[in-house]
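In: With the sequence up front, the predicted model follows.
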Amino acid sequence: MISTSLSRSILAFALLAAGAAAAQPSPQSAHSTASGPLSAPVSIVIYADLECPFSASTLPQLEKVAAQHPADVRFEVRQFPLDIHPGSALGHEAALAAGAQGRFLDMVNLIQANQKLMDRAQYLRYAALLHLNLTQFARDLDSHRFAAQVQEDLAEGRALGVNQTPTLFINGNRVEGEQDAASLANLVERSIAATRATPVLTDFSKPLAAEDTTALAFRPTATLGTANAPVTIVEFTDFQCPFCRRAEDPLHQLLASSGKNVRIVYRSYPLDFHANAEAAAEAVLAAGDQGKFWPMHDLLFANQSNLDRQHFEQFAHQLDLDVARFDAALDSGKFRAEIAADRALGARYGVDGTPFFFINGRPLSGVRSLPELQQAVQLAMGDNPASPVAEAAPTRHFLAGSAAAGPSTVTVDWYIDLEAAASPAIAPILHDLTGRPGVRVAPHSFALPNHLNAPLAYRALLAAIPEGKFWPLYDALAGHPLPADEQAARAAIRAAAQAVHLDAAKVDAAFDDSGLGNDVAADQQEAYRRGVRGVPVVFINNQRIDGIQPATVYAQSIEQATAKSVALATK
């Protein structure tokens, strides 16, 4: 927590601490730089330079240690090419291009095994060895498709003070420099032991009076979760605060793991010594005025070094906002009174820095780990043990061939962004699931912030379902970026529809169907509530599977869900 008094201790953050119901341990997902189950209690983030010999010796040891603790360790590689290795950046792009085809770590290991040959020709040889689609790989490499992701990882690392490789964060604790197997094993085993100890919130004081707790959550700007959840977390945040950014992952994982028990309420609290924090708070409220609060929220935290008017406008374009209206809101100072009111409210109840939480009126300051947040919620549930109120689920549009609903039916909810690079690879798996007896598959829209017209493509998919053209249209669109201009994107989607003999008039009607628009918005909100932050994500009767896993993972999950459904139906 950054505090005006600078008197509070900063708790270690958990960049990828698990909490949501997760799939079984599995290899690295396609288009992912992570390996290990989401449920792992130990999260390791390593900033590595593929041309750095110390990274090259440490990463294989990390893989071995993780393999020794398959249920307890999840690690993620962040790209951090150093200035002294100017050729390293292309190597990182090659690794990410391989990751788009499910072979990120394999490519990393090949590159690091021969650091004297780091060039395009060598990366193409490695791609052939890995049996990648060479045309796609070369296209991704030559277009520098993943250069932005490399720069984003670099910016994030620098914001966290990374200046050498490798640098690891093990459940938020920084470890710098080359690590041998014994050292890593010791660090991991200590971290596993620490996570098994019950956290004690010695500073989780008594709740405020009922009327004060109500005042904190009254007329919120933005919320996540069920409106009548028994636990409300009010978060006072500052978009320029690095500790607020670190708090986001555990907070969203808490929301995903708590079902309908938790609601999060956002409050602005820009600190005086952060020159751009108030402007960022205005930008997120201006985006919220057009229904894009949370996507802008995520973009601001992902770009903390670029919190200025020029970048706000770029983000507004990315989110397909009415930019003139967005600019007018910023120019008029329309939201300054609301921000001032939030700051006054926080100050009234003792907020002196960020992040600062009130959990059912109980104050809690600083970045907190997932176990601490879970314990806080359990204590707060004791204050208000009311059962969560059920809320309407988004409309499900089941694919043709899916089984009719019955007592033992398994429902597969599949979150889609057609522009995502991993979209083609997941299709055969879901196509197979659609034809399984007793299984019904429901696609849902989840557009990543920089994929402006993915919701339009999803609407076209819905129009294709009753015509029996879902899969041909999916295959035609999956993995292909759409034009940023909406009219150009419509034309591209329409052309793809015509190529698979789908009536273009029906696609046009879907583009402008307000009912489908509501379904897309409901899907996006439900996805945020469930902790979805990327695609593909599949829920099999609420068991979550992230990324692209071996077909056996889905089959086992369906068998378990079917057995459970049958058992319940025969009781």
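Out: All right, it came through fine. Numbering: from 1, shown residues only.
In: Now do the helices in the stretch 1-150 of the chain.
Out: 53-68, 88-99, 104-113, 120-129, 134-142, 147-159 (DSSP state H, counting those that start in this stretch).
In: Now render those as a markdown table, adding mean neighbour count, mean pLDDT and distance to V367.
Out: The way it works is simple: take the backbone N, C-alpha and C, and place the C-beta from them, glycine included. Shown next, in a markdown table, are the helices of the stretch 1-150 of the chain (neighbours: other CB atoms under 10 Å; pLDDT from 0 to 100; distance: least, CB to CB, whole Å):
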| stretch | mean neighbour count | mean pLDDT | distance to V367 |
| --- | --- | --- | --- |
| helix 53-68 | 18 | 93 | 24 |
| helix 88-99 | 26 | 95 | 28 |
| helix 104-113 | 21 | 94 | 28 |
| helix 120-129 | 16 | 95 | 38 |
| helix 134-142 | 16 | 94 | 35 |
| helix 147-159 | 17 | 82 | 14 |
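In: Show me the one of those that comes nearest D432.
Out: Comparison of the helices of the stretch 1-150 of the chain against D432 by CB to CB identifies helix 134-142 as nearest, at 22.3 Å.
In: ok so, going back, using CSV, lay out the helices of the stretch 1-150 of the chain together with distance to I233.
Out: Shown next, in CSV, are the helices of the stretch 1-150 of the chain (distance: least, CB to CB, whole Å):
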stretch, distance to I233
helix 53-68, 32
helix 88-99, 34
helix 104-113, 34
helix 120-129, 46
helix 134-142, 40
helix 147-159, 25
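In: So which of those helices is nearest I359?
Out: Across the helices of the stretch 1-150 of the chain, closest to I359 is helix 147-159 (CB to CB), at 27.2 Å.
In: now the angle from that closest one to helix 88-99?
Out: Angle, helix 147-159 to helix 88-99, by axes from the mean of the first three to the mean of the last three CA atoms, to 10 degrees: 120 degrees.
In: Show the average pLDDT along the following helix or strand past helix 147-159.
Out: Heading C-terminal from helix 147-159, the first helix or strand you meet, by DSSP states H and E, is strand 167-170. Strand 167-170 carries an average pLDDT of 88.
In: Just give me how far the helix or strand hosting W294 sits from the chain centre.
Out: With secondary structure defined by DSSP H and E, W294 is part of helix 293-302. Distance of helix 293-302 from the chain centroid (CA atoms, centre = their mean, to the nearest Å) equals 11 Å.
In: Can you show me the CA trace of it as PDB?
Out: Output in PDB follows, covering the C-alpha atoms of helix 293-302 (Å, rounded to 0.1, in the frame of the first residue of the first chain):
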ATOM      1  CA  PHE A 293     -15.700   0.900 -17.000                       C
ATOM      2  CA  TRP A 294     -14.000  -2.500 -16.400                       C
ATOM      3  CA  PRO A 295     -12.200  -2.800 -19.800                       C
ATOM      4  CA  MET A 296     -10.800   0.700 -19.300                       C
ATOM      5  CA  HIS A 297      -9.900  -0.200 -15.600                       C
ATOM      6  CA  ASP A 298      -7.900  -3.200 -16.900                       C
ATOM      7  CA  LEU A 299      -6.100  -1.100 -19.600                       C
ATOM      8  CA  LEU A 300      -5.100   1.600 -17.100                       C
ATOM      9  CA  PHE A 301      -3.600  -0.900 -14.700                       C
ATOM     10  CA  ALA A 302      -1.800  -2.700 -17.600                       C
END
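In: can you tell me which of the helices of the stretch 1-150 of the chain comes nearest to Y47?
Out: helix 147-159 (4.7 Å).
In: any idea which helix is longest in the chain?
Out: helix 551-569 (DSSP state H).
In: which parts of that helix are buried?
Out: Applying a neighbour-count criterion of 16 or more other CB atoms under 10 Å, one finds V553, Y554, S557, I558, A561, T562, S565 buried in helix 551-569.
In: if we can go back for a sec, quick one, which of the helices of the stretch 1-150 of the chain is nearest to K506?
Out: helix 134-142 (30.6 Å).
In: show me the contacts for V377.
Out: Contact analysis of V377 by CB atoms under 8 Å, 6 or more residues apart in numbering lists V231, L254, S258, N261, V262, I359.
In: Between the residues you listed, which has the least confident prediction?
Out: Ranked by pLDDT, the contacts of V377 bottom out at S258, which scores 73.
In: Nearest residue to that residue in space, please, no chain neighbours.
Out: V377 (6.3 Å; CB to CB, 6 or more residues apart in numbering).
In: now swap in D508 and tell me
Out: Spatial nearest neighbour of D508, chain neighbours left out: R494 (7.0 Å); criterion: CB to CB, 6+ apart.
In: phi, psi of the residue nearest to S258?
Out: V377 has phi and psi values of phi -70, psi -40 when expressed as degrees, to the nearest 10.
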